[in-house]
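Asker: the sequence isn't on hand, but the structure is:
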Ligand code: GDP
């Protein structure tokens, strides 16, 4: 059985916490795309953690954690995160790294920074973790697979090959010194030794695990609207955060996913540039931002203040559609308890018309939100763990979102802690 936990929106929907909850009845948790550019916040019995690259099953000794071939593997960051867990008395996690995963190289991070600087105001709001240059190189076929680290001649040849192209750009476009291939080669040899015990053919491992009846959880990063094909291109990420890609990026059969849990917040939040139709500003935004999440809406990786807004039913319905959601998980419901009225976006106005289907990006840029206003519940529902115990207006809010999105909201989160979650059905 394979289940996927993915985001319906712009990312930061609270997937980390939900993965931590669902990991409890999983045998394997797999990261299938992205890299250290976003983070999950997890609060459990050990304390509070921001995970960037490690799968969220690392707190459970029983669980095997897999970095699939679709991930951008920043070895330094991965080891740092692993060491931090061990220092904080977490039992040594079981971690497997795909021998086909590709390695994030220091020059990918440099290129990311140089390009954002070159673009100036027109930049994409990259986290400067090297993600776009990394995936660019992967598809240009000048990337480096983990397995290539263990063949010295091949490694040298791959680095020299990539550097011949990169150096030309470094010099001509960015006016930067060339890549020091020898230093990079030495560093990679050291890194390769450190991860050697964890490197396996994870696709084989997962397919065998499936045959043995093991329960696999795929953990998505970011959300639907950051997908390079279906999202708000070019304000997207560079790998697909969709459950459909999960099978590719993890290495499990296309027909193996049984459940797609699409996580969405009771309001909206968004990090980075791009159209965000229901964005709010000023005091109204500051209040929602400061009340959101576990300690305000600030990026788990970057610390950047997140843009915030009201729930966008148009974007979320679309986000769930492209994910193939079998059910929705609604998080951060507790955050809205301070409001006496809550706007929900039920359509977009564009070119004199009201639309309810999420449009392509140029059209989206011209859209204005059409709101309906629901009564708030003016009550603290933090930690409530049954639907019947939610105030009537809060129940009605959930029912309204469910009807709008068209996917059952079966799981609800009323606080950042693992125990502040319940299944409604
Ligand atoms: P992810 O990348 O989707 O895992 O999301 P993040 O972890 O970056 O952001 C979600 C934020 O919301 C984190 O600060 C979580 O601790 C917090 N969080 C998750 N669920 C809830 C919830 O139900 N209520 C509150 N108040 N915070 C939550």
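Answerer: Sure, I can see it. Since we're looking at a predicted model, the values are computed, not measured.
Asker: now residue 33: which helix or strand?
Answerer: Element membership of residue 33, judged by DSSP states H and E, is empty: it is in no helix or strand.
Asker: quick one, grab the pLDDT at it.
Answerer: Note on residue 33: pLDDT of 97.
Asker: which helix runs longest in this structure?
Answerer: Longest helix of the chain, by residue count under DSSP state H: helix 152-172.
Asker: with adjacent residues omitted, what lies nearest to residue 179?
Answerer: Excluding the flanking residues, the one nearest residue 179 by C-beta to C-beta, 6 or more residues apart in numbering is residue 163, at 4.6 Å. Where C-beta positions appear, they are placed from N, C-alpha and C, glycine not excepted.
Asker: who are the contact partners of the one you found?
Answerer: Contact analysis of residue 163 by C-beta atoms under 8 Å, 6 or more residues apart in numbering lists 178-179, 181.
Asker: most surrounded residue in those?
Answerer: The most neighbours of any of the contacts of residue 163, using other C-beta atoms under 10 Å, belong to residue 179, which has 20 neighbours.
Asker: name the SS class of the nearest residue to residue 170 once chain neighbours are set aside, please.
Answerer: Ranked by C-beta to C-beta, 6+ apart and with sequence neighbours excluded, the top spatial neighbour of residue 170 is residue 176, at 4.5 Å. At residue 176 the chain is in coil, as set by DSSP: H, G, I helix; E, B strand; the rest coil.
Asker: residue 176 touches residue 113, doesn't it?
Answerer: No - judged on C-beta atoms under 8 Å, residue 176 makes no contact with residue 113 at a distance of 10.2 Å.
Asker: where along this structure do the helices fall?
Answerer: Ranges of helices in the chain, per DSSP H, are 15-23, 75-87, 106-119, 131-140, 152-172, 181-195, 202-211, 243-250, 282-291, 313-323, 361-364, 392-405.
Asker: list the buried residues of the shortest one.
Answerer: Counting neighbours by 16 or more other C-beta atoms under 10 Å, one finds that the buried residues in helix 361-364 are residue 364.
Asker: repeat for the fourth one
Answerer: Of all the residues in helix 131-140, those buried under the rule 16+ other C-beta under 10 Å are 131-135, 137-138.
Asker: ditto for the third one
Answerer: With burial defined by 16+ other C-beta under 10 Å, the residues of helix 106-119 counted as buried are 106-116.
Asker: my read: residue 136 touches residue 238, true?
Answerer: Yes - using C-beta under 8 Å, residue 136 is in contact with residue 238, at 7.2 Å.
Asker: if I look at those two, which residues touch both of them?
Answerer: With contacts defined as C-beta under 8 Å, 6+ apart, no residue is shared by residue 136 and residue 238.
Asker: count of neighbours near the spatially closest residue to residue 391 that is not a sequence neighbour?
Answerer: In this structure, residue 391 finds its nearest non-sequential neighbour in residue 377, 4.0 Å apart by C-beta to C-beta, 6+ apart. By other C-beta under 10 Å, the residues close to residue 377 number 22.
Asker: how about residue 377, what does it touch?
Answerer: Residues in contact with residue 377 (C-beta under 8 Å, 6+ apart) are 336-337, 390-394, 397.
Asker: what do you get for residue 293?
Answerer: Going by C-beta under 8 Å, 6+ apart, residue 293 touches 12, 14, 41, 269, 332, 335, 416.
Asker: how about residue 201?
Answerer: With C-beta under 8 Å, 6+ apart, residue 201 has these contacts: 98-100.
Asker: using a markdown table, lay out those residues together with pLDDT and neighbour count.
Answerer: Below are those laid out as a markdown table (pLDDT from 0 to 100; neighbours: other C-beta atoms under 10 Å):
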| residue | pLDDT | neighbour count |
| --- | --- | --- |
| 98 | 98 | 31 |
| 99 | 98 | 18 |
| 100 | 98 | 17 |
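Asker: can you tell me which of those are in strands?
Answerer: Counting by DSSP state E, these place residue 98 in strands.
Asker: nearest to the ligand, of the contacts of residue 201?
Answerer: Nearest to the ligand among the contacts of residue 201 is residue 98, at 21.6 Å by C-beta to the nearest ligand atom.
Asker: beta partners of that closest one?
Answerer: residue 200 (DSSP bridges).
Asker: tell me the pLDDT of the residue nearest to residue 57 when sequence neighbours are not counted.
Answerer: Counting by C-beta to C-beta, 6+ apart, residue 57 lies nearest to residue 29, which is 3.1 Å off, once chain neighbours are set aside. On the pLDDT scale, residue 29 is placed at 96.
Asker: what is the neighbour count of residue 29?
Answerer: Residue 29 has 25 neighbours, counted by other C-beta under 10 Å.
Asker: quick check, residue 378 in contact with residue 337.
Answerer: Yes - using C-beta under 8 Å, residue 378 is in contact with residue 337, at 6.9 Å.
Asker: neighbour count winner among the two?
Answerer: A count of neighbours by other C-beta under 10 Å puts residue 337 above the other of residue 378 and residue 337, at 17 against 14.
Asker: next, the buried residues of stretch 339-350.
Answerer: Residues 339, 342-348, 350 are the ones in stretch 339-350 that count as buried (16+ other C-beta under 10 Å).
Asker: quick one: those as JSON lines, columns for pLDDT and distance to residue 34 too.
Answerer: Shown next, in JSON lines, are the buried residues of stretch 339-350 (pLDDT from 0 to 100; distance: C-beta to C-beta, whole Å):
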{"residue": "339", "pLDDT": "98", "distance to residue 34": "33"}
{"residue": "342", "pLDDT": "98", "distance to residue 34": "31"}
{"residue": "343", "pLDDT": "98", "distance to residue 34": "31"}
{"residue": "344", "pLDDT": "98", "distance to residue 34": "29"}
{"residue": "345", "pLDDT": "98", "distance to residue 34": "27"}
{"residue": "346", "pLDDT": "98", "distance to residue 34": "31"}
{"residue": "347", "pLDDT": "98", "distance to residue 34": "31"}
{"residue": "348", "pLDDT": "98", "distance to residue 34": "28"}
{"residue": "350", "pLDDT": "98", "distance to residue 34": "31"}
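Asker: from the residues you listed, which land in strands?
Answerer: Applying DSSP E to the buried residues of stretch 339-350, the entries found in strands are 342-348, 350.
Asker: restrict these to those near the ligand?
Answerer: Residues of these in contact with the ligand (C-beta under 6 Å from any ligand atom): none.
Asker: and those, which two are furthest apart?
Answerer: For these, the maximum inter-member distance is 23.6 Å, found between 342 and 350 (C-beta to C-beta).
Asker: residue contacts, the nearest residue to residue 81 once chain neighbours are set aside?
Answerer: Distances taken as C-beta to C-beta, 6+ apart put residue 54 closest to residue 81, at 5.2 Å, once the chain neighbours are dropped. Residues near residue 54 by C-beta under 8 Å, 6+ apart: 31, 65, 78, 81-82, 85, 93, 95.
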